[in-house]
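S.K.: Sequence and predicted model, in that order:
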Amino acid sequence: MMGRSILFWILFLGAEFLLAEGLQILADEHPHQRARRSVSPNRRAEIRNMSPTDRPSCPEGQTVPPTRVNTTERLAKLRTEMISAGIHAYIIPSEDAHQSEYPSDYDLRRKYISGLSGSYGLAVVTRDQAAVWTDGRYFLQAEGELDCNWILMKMGESGVPSSTEWVISVLASTTNAKVGAYPFLINSGSWISYDTALSKESITMTPTSEDLVGKIWTTGRPQEPNSPINALPMKFAGRSWQDKIGDMHKAMEEKEVDAMIVTGLDETAWLLNLRAADIAYNPFFLSYIIVEKQGNATTLYIKNAATKLTQNQTDTETTEKLYQHLNTGTNGDCTGRTGLCVTVLEYDPVAVQEKVRTVANSDATQMVMVSFSCNHALSSVIPEAKRLRENTPVAIAKAKKNEVERNGMRNSHKRDAVALITFMAELEKKVKSNVYMTEVSAALDLKTERMKGLYNRGLSFNSISAVGSNGAIIHYSPSNLTNKQITTSEMYLLDSGGQYLDGTTDVTRTFHFGTPSKYEKECYTRVLMGHVDLAMMNFIAGIYGREIDAIARRPLWEVGLQYRHGTGHGIGMFLSVHEGPGRISLSHAPFESDSPLDDGQFFSDEPGYYEDEQFGIRLENIFMVKEVETTYKFPNTTFLGFETVTLVPYEPSLINYDLLSQSQVDWINAYHKRIMDTIGEELRGNKPEAYNWVAARTRPITRTVSSSTVTYPSFALLSTILISLFVWV
């Protein structure tokens, strides 16, 4: 039996590896990707024949979606600029100069040129065609927002070319073809990958001296962000910025690095214990940091530096002005300062580029570290022999929360649960009383409730409040154009979160306030089963998230269902709701920035299922990776598990209890008991209606089995049974 079990795991992990490899080939739009295969002549012809009319909403006579954006004039202006620049294709990524997943409104170039508002996508425009690549979260949304100038490339779907394959194919007959991009907006890995593949086809990757989309975006463009910067007190940060800089010096010494260029906005905010509001829902500020071992020099570049250094703090919990917090002069000069000091200069990307060039070319500099996401404009001025591309020690330390941060995350999730439960109790009462409530009004009411909480500083993202068919749009954003009423006849998916000085939250629950169908209940229950299975899992230290993602998918895969997104993302401490470098995902190819799961990191656990035009289901908790005690002690092996910090019950009307295993029932009962033990008394004393609502949903459940019900044993037992049958047959 031991041999059969081992064989099963070999087959299981092998299948997982093959799946990941297959996804790598299909999803190579990610910046960090393998060298691409050459495109055959037949395949090139097939790609050239792709057209916007292949989309279901574009053939003549189809109804125009109300969310569609007319991009005809914008494309014409961009093509004029392309001709002036001497390029035949232009790449427009989603990211800003810091490779932010969620840029400021000022930096939403890909949204402006294409109309697609989702956070993930890549646009490529030639002189006569245009295409957008996006992932499964945005397939339905893209169909509704892109006008018929655009070919929609559904990444990961069979037959969909990569952006490189498409460019090579459509420019095959163009002599001396040039593909342009603004080097501040594309990370160095992507640039090198494009350049390598295109050069083999005699196509030149060409940096443009200007942002061409920015050049044509002359009306209606939001202002550049320029919010006040506040120091985050030690009671929330847990470690001073001076100690963090000391940690960075030690890490740089170990890597034999003389300078480190910090470009990620979450990294600059975390490293110096600063927060602002330049990016919606993210407490960041446009900035770069250069850390040098020589002279213990740290230089910060921010916008409107002279004013921000001395202006009064705007957060009630902050007691220092910026120059005081950074131990620098009122003009940002460290002359005469004792102890670690931060030099503060004006945010000017060209000036930063020249500083990086100077540092990199100094005889005293042997190696400069940049992150995988560093933009090409900065990375390219560092000689290759002196350039080290990897996750910065800032990113690694930020993800592994200290004890103060861990407790802050726990406490913020308690307060957030009280707000969400209070809101849901009121919402269900209103819906069942025929009070008119919509996706938009519910999202606004929830925001109001959240912002009453201690230390709340807003939302962590725009709430996904989705009824029925809108729930099938994975990252749906409610608006007056698509707003639906919440009723007792359809499912309601609510994905929301808050920003608190001591934590960032993200929680999803799916509800039905009436009588769901048998199929809806089965789908919900299978999502719940995978959600619980992952939360219960122990695993050896050193595992990558992608290696356990399939655990959450198993109950859906068993009946031929699937979801087109990752199972888990990292989450910051009063930082970004999506934090790297770790993740739990098979939905994309492995990233070179991926790192193993580690003690003190926080991730989401969010499997789902989406039935086009019908409904969407997702369940999401946040859990912390931690070391666990096991019955046996295997030599030289550490085991990790998860501690769930989200405290919101599941929807009993959607659970088919007969499908659950005993271990799943036990976990749900223990989880619900912990909810009541942790926040029950607070609700009982201050919010009796909310208390009654949560008490009704946390009653212990018993696993019952009818004669017609197929029950599901534990994963390990099921695996053993299946492999036994396989071997003996």
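M.R.: Perfect, thanks for sending it. Numbering: from 1, shown residues only.
S.K.: buried residues in stretch 419-437?
M.R.: Residues of stretch 419-437 classed as buried: 419-428, 430-431, 437 (neighbour count, 16 or more other C-beta atoms under 10 Å). (C-beta placed from N, C-alpha, C; glycine too.)
S.K.: And for stretch 650-663?
M.R.: 650, 651, 654, 655, 656, 657, 659, 660, 661, 663.
S.K.: which of those residues lies closest to residue 511?
M.R.: Residue 511 has its nearest neighbour among the buried residues of stretch 650-663 in residue 651, at 5.1 Å by C-beta to C-beta.
S.K.: Nearest residue to the closest one in space, please, no chain neighbours.
M.R.: residue 511 (5.1 Å; C-beta to C-beta, 6 or more residues apart in numbering).
S.K.: Secondary structure class of that neighbour, three-state.
M.R.: Secondary structure assignment for residue 511 (DSSP: H, G, I helix; E, B strand; the rest coil): strand.
S.K.: How about the contacts made by the closest residue to residue 477 other than its chain neighbours?
M.R.: Using C-beta to C-beta, 6+ apart and skipping the chain neighbours, the partner closest in space to residue 477 is residue 462 (5.6 Å). With contacts defined as C-beta atoms under 8 Å, 6 or more residues apart in numbering, residue 462 is in contact with 280, 281, 477.
S.K.: Out of those residues, the closest to residue 246 would be?
M.R.: Nearest to residue 246 out of these is residue 281 (C-beta to C-beta; 31.3 Å).
S.K.: measure the closest one to residue 228 for me?
M.R.: Counting by C-beta to C-beta, to the nearest Å, the gap from residue 281 to residue 228 is 17 Å.
S.K.: Ok, residue 408 next?
M.R.: As judged by C-beta to C-beta, residue 408 and residue 228 stand 22 Å apart.
S.K.: higher neighbour count, the two?
M.R.: For residue 408 versus residue 228, neighbours defined as other C-beta atoms under 10 Å are more numerous around residue 408 (24 against 19).
S.K.: Return the backbone torsion pair for the more buried one.
M.R.: The phi and psi torsions at residue 408 (degrees, to the nearest 10) take the values phi -60, psi -40.
S.K.: tell me the SS of the residue nearest to residue 627 when sequence neighbours are not counted?
M.R.: Spatially, and ignoring its direct neighbours in sequence, residue 627 is nearest to residue 599 (5.5 Å; C-beta to C-beta, 6+ apart). Secondary structure assignment for residue 599 (three-state DSSP): coil.
S.K.: What's the separation between the most centrally placed residue in the chain and residue 416?
M.R.: Taking C-alpha atoms, centre = their mean, the centroid of the chain lies closest to residue 578, which sits 3.8 Å from it. Counting by C-beta to C-beta, the gap from residue 578 to residue 416 is 17 Å.
S.K.: Ok, residue 490 next?
M.R.: Distance, residue 490 to residue 416, using C-beta to C-beta: 26 Å.
S.K.: related to what we said a few turns ago, okay, among the buried residues of stretch 419-437, which ones form the most distant pair?
M.R.: 419 and 431 (18.6 Å).
S.K.: before we move on, the earlier item: phi first, then psi, for the residue nearest to residue 627.
M.R.: Per-residue torsions, residue 599: phi -50, psi 130 (degrees, to the nearest 10).
S.K.: Need the per-residue pLDDT for it.
M.R.: Per-residue pLDDT puts residue 599 at 98.
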